[in-house]
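Attaching a predicted model along with its sequence, questions to come.
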Amino acid sequence: MKTENNGLRGLLVRVLLTLAGAALLMVPAAAAQAHDSLESSNPANDSTVSAMPAKIELTFDHTPIAINSIVRVEDAAGADHADGPVEIVDNQVSQAVKPGAPEGKYTVVWRVVSSDGHPIEGTFSFTAGGPNTEAAPTAAAAATADSGLPGQLVVVGVIAAVLVIALVVAGIVIRNRLRNAEDES
Ligand SMILES: [Cu+2]
């Protein structure tokens with residue numbers, strides 16, 4: 001009877017330790033991931049466009065986390081012409097521009113949370129030869145609202161829970177082994 005219990009417990013321990021091992025492999029893989037980086041923008045840095053576009057687009061190499069995103073569209077005097085919240089769809093971050101934003105030189109000041117959880121920021125500039133005459137586009141249905149708990153945090157929580165369970169089980173096993181060793185001696 002005792003042997004059967006040990007066999008079942010051993011199986012359970014092996015399963016949990018395998019899960020914990022898999023979780024441990026995932027942790028350094030996530031930590032080693034680099035910051036996302038800005039690949040391109042529309043308008044492009046240092047470019048001149050005929051008219052102020054209805055929205056500024058930033059393309060990253062990964063999908064930033066939709067939390068605390070800021071894209072300011074500053075004119076030469078530093079006034080912000082951004083209109084409404086930042087939208088993130090896949091690796092594309094966009095910011096609507098106020099209708100009627102005038103011609104002139106603009107500096108886009110952006111800050112997003114990289115998919116590895118680190119805030120990243122930068123600036124780029126362009127010159128608009130005319131005002132924004134387009135109506136601001138409506139939010140795409142697929143746009144991610146800039147709020148809520150990112151899924152990655154949930155994954156990290158699950159990994160942590162598995163590790164805690166595995167550590168508890170490992171502690172029980174070690175204690176039982178020590179007890180058995182004492183019994184045998
Ligand atoms: Cu990073």
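That came in fine, so what should we check first? Because the structure is predicted, anything quoted here is derived from the model rather than measured.

Start and end of stretch 54-63, how far apart?
Counting by C-alpha to C-alpha, to the nearest Å, the length from the leading to the trailing residue of stretch 54-63 is 22 Å.

Mind checking if that stretch is in reach of the ion?
No - contact of stretch 54-63 with the ion (C-beta under 5 Å from the ion) is absent, the minimum separation being 10.4 Å. Just so you know, the C-beta spots here come from the backbone N, C-alpha and C atoms, and that holds for glycine as well.

What are the buried residues along that stretch?
Under the neighbour-count criterion of 16 or more other C-beta atoms under 10 Å, stretch 54-63 has Ala54, Lys55, Ile56, Leu58, Phe60, His62, Thr63 buried.

What lies in contact with that stretch?
Contacts with stretch 54-63, where a contact means C-beta atoms under 8 Å, 6 or more residues apart in numbering, come from 36-43, 71, 73, 82, 88, 90-97, 99, 108, 110, 112, 114-115, 132, 134-137.

before we move on, back to that, and the two most separated of the buried residues of stretch 54-63?
Based on C-beta to C-beta, the longest span within the buried residues of stretch 54-63 runs between Ala54 and His62 and measures 25.6 Å.

follow-up on the earlier one: let me have the buried residues of stretch 54-63 in JSON lines, extended by secondary structure.
Written out in JSON lines, the entries for those read as follows (DSSP: H, G, I helix; E, B strand; the rest coil):
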{"residue": "Ala54", "secondary structure": "coil"}
{"residue": "Lys55", "secondary structure": "strand"}
{"residue": "Ile56", "secondary structure": "strand"}
{"residue": "Leu58", "secondary structure": "strand"}
{"residue": "Phe60", "secondary structure": "strand"}
{"residue": "His62", "secondary structure": "coil"}
{"residue": "Thr63", "secondary structure": "coil"}
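
any chance of those residues in TSV, plus pLDDT?
Listed next are the buried residues of stretch 54-63 as TSV, based on pLDDT from 0 to 100:
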residue	pLDDT
Ala54	97
Lys55	97
Ile56	98
Leu58	98
Phe60	98
His62	96
Thr63	96
